[in-house]
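> A predicted structure for the sequence below; I have some questions about it.
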Amino acid sequence: MKPYVRRTRNLLEWFDSNLLFLISAFLLVFIPLYPKIPLADVLPGYIVRVRLEDLLVAATVVVYVIWWIRGKANPKLNPLFWLVIGYLGVGLISGIAAVAVTKTIPAEGLHLAKWFLHWVRRVEYVFLLFLLTDAVKKSKQLMVLAGLIVGVVIVAGIYGFGQKYYQWPVYSTMNREFAKGWRLVLTEHARVPSTFAGHYDLGAFLVLALPVTLMLVVTVKSTGWRCLGFLGYFIGYTLLILTASRASFLAYGAATIVLFGLLLAVKPWKRLLGWFVTVTVFSAVVFLTFGDLSGRFAHVFNMAGLRGMIEDRVFQADKTKPKNYLTLTDQLALVADKTDVPPIRFREQGAESGEQGTGGELPPDVYEEIPDLVATVSATGEATFTTKPRQYSDAAFTYGLSSAIRFDVLWPRAIAGWKKNILLGSGYSTLSKTYLMDFTEAESTDNDYLRALGETGILGFGLFFGTVIYLIYLLFKGHPAKSLFERGIQFSIIAGTVGLLVNASYIDVFEASKVAFAFWGLAGMGIAAGRIKRREGKEGEE
């Protein structure tokens, strides 16, 4: 055989064996770094649009199915396969019950399409679990992916600093208009979203990624890899502070504690103690001296009456509240630090922003007074509009508008949706509606536990979070890896998962597309790390 023919054949064989890995590596970099620039509408009037990542994942599904047929991939060998299938099946049954039994989803094309869109997106997210599990076959591939994750943190951090200090473009999904792909810029004290849809999404992603950076610093012997991990941690943690996300910061703290606790199983405690003290001191100093996050935490220091407020606000879903012409999305957009203002369109930079409100006292995290709009209809049917001062709840003045929206509106609606069908919930995309025929432009509960209960009931809640807990078990005990690095990967994914579970109490992290893709992809990496021992025996990077 001629040399060039042999080389060509070897190259094609290598490409055939590594195609899933190459695609996985590309998606792990592309999805978090490519901004949410829309390509086309999915449903008229809806904030969710088709983006390039959706097309790429769809194409990858086709490739994966072909490899499955060829015997080079098999999702059924994944220990989470049947749990995932069960959860998706409950989602389907929940939708059918919502249409036919509880009548919480109107039997009309637009409403059915929106429910189906949410179900398909969950299929899309979890697909990366199976892709990464079958793609990673060697410890070196695992190391490459870990390095790419750190690289994503560094690039996202550099871009975030550019947004903060040099007016680099922001593409947000804060509301439907912004989600059309407006090029925005941040004002001086605005929260940094980097390449994500918003600062909450970025914060949640960093909760997943920062344990990976710390793991490289602590477990890998190579000086180059340790320096890369330290650089990623330094930039990523600073970026986390710039998001000013309180929930993500607390989740990061939980993830860090869990990571070092797990590493005690494989590293001497004296060496780990030094690293833990260093990380803790660094985190505290940056937290207190940089960014606006410490100011935002001041809003929640007043905890008096929390139990009574929860009982009054959360568990009385039908309690009458002042009407407001602002949507929930608009209200959430008002939430800010005292010096914070939202993004503005790039072409309006420097334009007059209008007069500030001069009304009475405002909640601690509201930067501008916007009055209620009141309509009065005369006997002839002519409508006139007047304004009056907005009415804020006691929770808004005590804990800030950000928390009050959850306590007063979002969480009670989720509980009300759960009560309509304890087992199956009220169906996807039903919890933000005031009336049955409402077509909300976005869905948010800002608590993934209540959202799962409200949308899919006890069955969906149990299967989804049961899958997450079983994943933690598999990574901790069920599929132990051989090498220190592989074990460190598993521990860092456990830590990031615990952090997300903390974050999920205040943010819908498992529905945020960039975060969900990253989570299920890392889950696949963790399971693959446990399978490497059977493929390579005792081989490791150290």
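In hand now; what should we look at?
> could I have the helix or strand containing I415 exported to CSV, CA atoms only?
Using DSSP states H and E, I415 falls within helix 411-420. Extracted in CSV, the C-alpha atoms of helix 411-420 (Å, rounded to 0.1, in the frame of the first residue of the first chain):
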residue,chain,number,x,y,z
TRP,A,411,-43.5,31.1,44.2
PRO,A,412,-47.2,31.2,45.1
ARG,A,413,-48.1,30.6,41.5
ALA,A,414,-45.9,27.6,41.4
ILE,A,415,-47.5,26.2,44.5
ALA,A,416,-50.9,26.9,43.0
GLY,A,417,-50.0,25.1,39.8
TRP,A,418,-48.8,22.1,41.9
LYS,A,419,-52.1,21.9,43.8
LYS,A,420,-54.0,21.5,40.6
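> Determine how far it lies from the middle of the whole chain.
With Cα atoms, centre = their mean, to the nearest Å as the basis, helix 411-420 stands 22 Å off its chain's centre.
> in it, what's buried?
By neighbour count with 16 or more other Cβ atoms under 10 Å, helix 411-420 contains the buried residues 411-415, 417-418, 420. Where C-beta positions appear, they are placed from N, C-alpha and C, glycine not excepted.
> for stretch 438-452, same thing?
So, applying 16+ other Cβ under 10 Å, buried residues of stretch 438-452: 440-452.
> Make JSON lines from the buried residues of helix 411-420 and add pLDDT and distance to W115 to it.
Putting the buried residues of helix 411-420 into JSON lines (pLDDT from 0 to 100; distance: Cβ to Cβ, whole Å) gives the following:
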{"residue": "W411", "pLDDT": "85", "distance to W115": "21"}
{"residue": "P412", "pLDDT": "87", "distance to W115": "22"}
{"residue": "R413", "pLDDT": "89", "distance to W115": "17"}
{"residue": "A414", "pLDDT": "89", "distance to W115": "16"}
{"residue": "I415", "pLDDT": "92", "distance to W115": "20"}
{"residue": "G417", "pLDDT": "90", "distance to W115": "13"}
{"residue": "W418", "pLDDT": "93", "distance to W115": "17"}
{"residue": "K420", "pLDDT": "93", "distance to W115": "15"}
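> Reformat these as TSV; add distance to Y46.
Shown next, in TSV, are these (distance: Cβ to Cβ, whole Å):
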residue	distance to Y46
W411	23
P412	24
R413	19
A414	20
I415	25
G417	19
W418	24
K420	23
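> Of those, which pair is most distant in space?
W411 and K420 (15.5 Å; Cβ to Cβ).
> shaky segments in the protein?
Counting by pLDDT under 70, the chain has low-confidence residues at 1, 175-176, 188-189, 290-404, 478-482, 533-542.
> what's the longest helix in it?
Ranked by residue count, the top helix of the chain under DSSP state H comes out as helix 3-33.
> Downstream of it, the next helix or strand is which one?
Following helix 3-33 in sequence, per DSSP H and E, is strand 38-41.
> May I see the buried residues of that next one?
Within strand 38-41, the residues scored as buried using 16+ other Cβ under 10 Å are P38.
> and the next element down the chain from the helix holding I415?
helix 448-473.
> Check which helices and strands that following helix sits against.
helix 81-100, helix 411-420, helix 484-503, helix 513-536 (3 or more Cβ pairs under 8 Å, 6 or more residues apart in numbering; DSSP states H and E).
> Which stretch among the ones you listed is buried most, on average?
Among these, ranked by average contacts under mean count of other Cβ atoms under 10 Å, first place goes to helix 484-503 (a mean of 25).
> Mind giving me the packing neighbours of it?
Against helix 484-503 (3+ Cβ pairs under 8 Å, 6+ apart) you get helix 139-166, helix 199-219, helix 246-263, helix 448-473, helix 513-536.
> Go again with 6 Å.
helix 199-219, helix 246-263, helix 513-536 (3 or more Cβ pairs under 6 Å, 6 or more residues apart in numbering; DSSP states H and E).
> Can you tell me which of these is nearest to V50?
helix 513-536 (11.7 Å).
> Pull the number of nearby residues for V258.
V258 has 21 neighbouring residues, counting by other Cβ atoms under 10 Å.
> Number the residues from 869 up from this point.
Will do, 869 is the new start, and the previous item becomes V1126.
> If we ignore the residues flanking it in sequence, what's nearest it?
A1363 (4.3 Å; Cβ to Cβ, 6 or more residues apart in numbering).
> Tell me how far that neighbour lies from I1375.
18 Å (Cβ to Cβ, to the nearest Å).
> Equivalent analysis for K870, please.
Distance from K870 to I1375, by Cβ to Cβ: 59 Å.
> What of L956?
L956 is 23 Å from I1375, by Cβ to Cβ.
> out of K870 and I1375, which sits in the busier spot?
I1375 (25 against 7).
> how about L948, phi and psi?
Here is the backbone geometry of L948 (degrees, to the nearest 10): phi -100, psi 0.
> so who does it touch?
The contact partners of L948, taken as Cβ atoms under 6 Å, 6 or more residues apart in numbering, are T1335.
> Repeat the analysis, applying 10 Å as the threshold.
955, 994, 997-998, 1001, 1335-1336, 1338-1339, 1342, 1388, 1391-1392, 1395 (Cβ atoms under 10 Å, 6 or more residues apart in numbering).
> swap in S1062?
900-901, 903, 1023-1032, 1036, 1038, 1069-1070, 1073-1074, 1107, 1110-1111.
> Show me how to select, in PyMOL, the buried members of those.
To isolate the buried ones among the contacts of S1062 in PyMOL, judged by 16+ other Cβ under 10 Å, type:
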select buried, resi 900+901+903+1023+1024+1025+1027+1028+1029+1031+1032+1038+1069+1070+1073+1074+1107+1110+1111
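> Wait, T970 touches G1295, no?
Yes - between T970 and G1295 a contact is recorded at 7.8 Å, counting by Cβ atoms under 10 Å.
> Mutual contacts of the two, please.
Taking Cβ under 10 Å, 6+ apart as the contact rule, T970 and G1295 both touch 962, 1285, 1288-1289.
> Can you add distance to N886 and give the residues you listed back as TSV?
Below are these laid out as TSV (distance: Cβ to Cβ, whole Å):
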residue	distance to N886
S962	39
G1285	45
K1288	49
N1289	46
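> ok, of those, which one's closest to F1064?
G1285 (27.5 Å).
> Let me see the contact set for the closest one.
966, 970, 972, 1185, 1293-1295, 1298-1301, 1313, 1318-1319, 1321-1325.
> distance of it from T972?
7 Å.
> Can you check which residues contact both of these two?
966, 1293-1295, 1298-1299, 1301, 1323.
> quick check, nearest of these to F1329?
G1293 (8.2 Å).
> In this structure L1054 contacts Y1027, no?
No - using Cβ under 10 Å, L1054 makes no contact with Y1027, being 11.8 Å away.
> between these two, what contacts are shared?
1036-1038, 1060-1061.
> could I get these as TSV with secondary structure?
What follows is those, written out as TSV (DSSP: H, G, I helix; E, B strand; the rest coil):
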residue	secondary structure
W1036	coil
P1037	coil
V1038	strand
V1060	coil
P1061	coil
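> which one of the residues you listed sits closest to H979?
Nearest member of those to H979, counting by Cβ to Cβ, is P1061, at 30.2 Å.
> Quick check: the gap between that closest one and I1103.
From P1061 to I1103 the distance is 16 Å (Cβ to Cβ).
> Tell me which of the two has more neighbours.
P1061 (29 against 20).
> May I have stretch 1075-1089 exported as PDB, CA atoms only?
Extracted as PDB, the C-alpha positions of stretch 1075-1089 are listed here (Å, rounded to 0.1, in the frame of the first residue of the first chain):
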ATOM      1  CA  VAL A1075     -20.600  27.800  40.000                       C
ATOM      2  CA  LEU A1076     -20.000  24.800  37.700                       C
ATOM      3  CA  ALA A1077     -16.700  25.800  36.200                       C
ATOM      4  CA  LEU A1078     -14.800  27.300  39.200                       C
ATOM      5  CA  PRO A1079     -14.500  23.900  40.900                       C
ATOM      6  CA  VAL A1080     -12.800  22.500  37.800                       C
ATOM      7  CA  THR A1081     -10.200  25.300  37.900                       C
ATOM      8  CA  LEU A1082      -9.500  24.700  41.500                       C
ATOM      9  CA  MET A1083      -9.300  21.000  40.900                       C
ATOM     10  CA  LEU A1084      -6.500  21.500  38.400                       C
ATOM     11  CA  VAL A1085      -4.600  23.700  40.800                       C
ATOM     12  CA  VAL A1086      -4.800  21.100  43.600                       C
ATOM     13  CA  THR A1087      -4.600  17.700  41.900                       C
ATOM     14  CA  VAL A1088      -2.500  18.000  38.800                       C
ATOM     15  CA  LYS A1089       1.300  17.800  39.000                       C
END
